[in-house]
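[1] Sequence and computational prediction follow.
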Amino acid sequence: MAYLDWISDKALISCVDHLLNKAKAASSDSIKKFNKNVIDPFSALFQITGFDIDHNTWKQSEVARQAQKTLQNHIGDFHQNVLGSVEGWENKGVGSVIDLVNTERRIIAEVKNKYNTLSGGQLANLYKSLDGLISPKSSIYHGYTAYYVAIIPKKSERNDKPFTPSNREKGTRETANEKIRQIDGASFYTLVTGNETALSDLFEVLPMVIHKISNKEINKADSAILTDYFKDAFGK
């Protein structure tokens, strides 16, 4: 029986395996680069004393923090890869002007992992970029609906609304356009797959896929806590 009914097992395993390899590389690189990077001794001093920890505990935490920061950059790519593996959707890859395209449904999307991945100015630039892709008659995406997708929303609420970031140069918000939209991750997974619980279903099967690839298992206590985190992020 397939893990999910909207993506092949082969594609899902490939996406997960790719991210696990990125995680291993991030951890390894963080350890190698630790002594090459300039350490802030003031920060280290106050963390050790303020958090009441020893140097080894601080160092392990700092190595993990640096590795986590690197890995976070790849989580958005993971979602892009998964969504781009759904029938009818094309993953345009890293460095393209847009992340995902569905020509039949006339949709393009830019996928970010978290609502605060982009700053205010970057959000305004993204709006202009999306507008520049769908508005000109000469564009291959003319008339498409463009989505800015933040997988992890600011609040655990579903949203699919016009994307109107602040434009600091104008001192106003960008003009609302029904074809330039922002959407949370759970809602976009539903839009892509047609499955209302697609994102939660993905989260539920990931431990099984990870175990198949790496033979590493998440214990029941940790699994329950992680499920609570998911509910906090996306609502119950």
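    Looks like it came in fine.
[2] if I read this right, Thr145 contacts Arg181, doesn't it?
    Yes: counting by Cβ atoms under 8 Å, Arg181 is a contact partner of Thr145 at 6.6 Å. All C-beta atoms are positioned from the backbone trio N, CA, C, and that covers glycine.
[3] which of those two has more neighbours?
    The residue with more neighbours, out of Thr145 and Arg181, is Arg181; 22 against 19, by other Cβ atoms under 10 Å.
[4] these two touch, right, that one and Tyr148?
    Yes: applying Cβ under 8 Å as the test, Arg181 and Tyr148 come out as touching, 7.1 Å apart.
[5] okay, Glu87: pLDDT?
    At Glu87, the predicted lDDT confidence score is 97.
[6] Checking the residue lying closest to it once chain neighbours are set aside next. Helix, strand or coil?
    Distances taken as Cβ to Cβ, 6 or more residues apart in numbering place Trp6 nearest to Glu87, at 7.8 Å, with adjacent residues excluded. On the three-state scheme (DSSP: H, G, I helix; E, B strand; the rest coil), Trp6 is labelled coil.
[7] ok, Trp6 - contacts?
    If you count contacts by Cβ atoms under 8 Å, 6 or more residues apart in numbering, Trp6 has them with Val86, Glu87, Thr193, Gly194, Asn195, Ala198.
[8] mind checking how far the last one is from Thr117?
    Applying Cβ to Cβ, to the nearest Å, the value for Ala198 to Thr117 is 21 Å.
[9] More neighbours: those two, which one.
    Of the pair Ala198 and Thr117, Ala198 is the one with more neighbours under other Cβ under 10 Å, namely 25 against 17.
[10] Which pLDDT value goes with the residue found closest to that one once you drop the neighbours it is linked to in the chain?
    Using Cβ to Cβ, 6+ apart and skipping the chain neighbours, the partner closest in space to Ala198 is Tyr189 (4.0 Å). We have a pLDDT of 98 for Tyr189.
[11] Touching the helix or strand where Tyr189 lies from outside, list them.
    Using DSSP states H and E, Tyr189 sits within helix 185-193. Defining contact as Cβ under 8 Å, 6+ apart, one finds that helix 185-193 is touched by 6-7, 79, 83, 86, 89, 102, 107, 109, 111, 147, 149-153, 158-160, 183, 195-196, 198-200, 202, 234-235.
[12] Could I get the CA-only coordinates of that helix as CSV?
    Extracted C-alpha coordinates of helix 185-193, given in CSV (Å, rounded to 0.1, in the frame of the first residue of the first chain):
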residue,chain,number,x,y,z
GLY,A,185,1.3,25.5,3.6
ALA,A,186,-1.7,23.3,4.6
SER,A,187,-4.0,25.2,2.2
PHE,A,188,-1.5,25.0,-0.6
TYR,A,189,-1.0,21.2,-0.2
THR,A,190,-4.8,20.9,-0.4
LEU,A,191,-4.9,23.1,-3.5
VAL,A,192,-2.1,21.0,-5.2
THR,A,193,-3.4,17.5,-4.2
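[13] And for the helix or strand hosting Gln182, what's in contact with it?
    Gln182 belongs to strand 180-184 when elements are defined using DSSP H and E. Residues from elsewhere that reach strand 180-184 (Cβ under 8 Å, 6+ apart): 127, 130-131, 134, 145-151, 153, 157-163, 191, 234.
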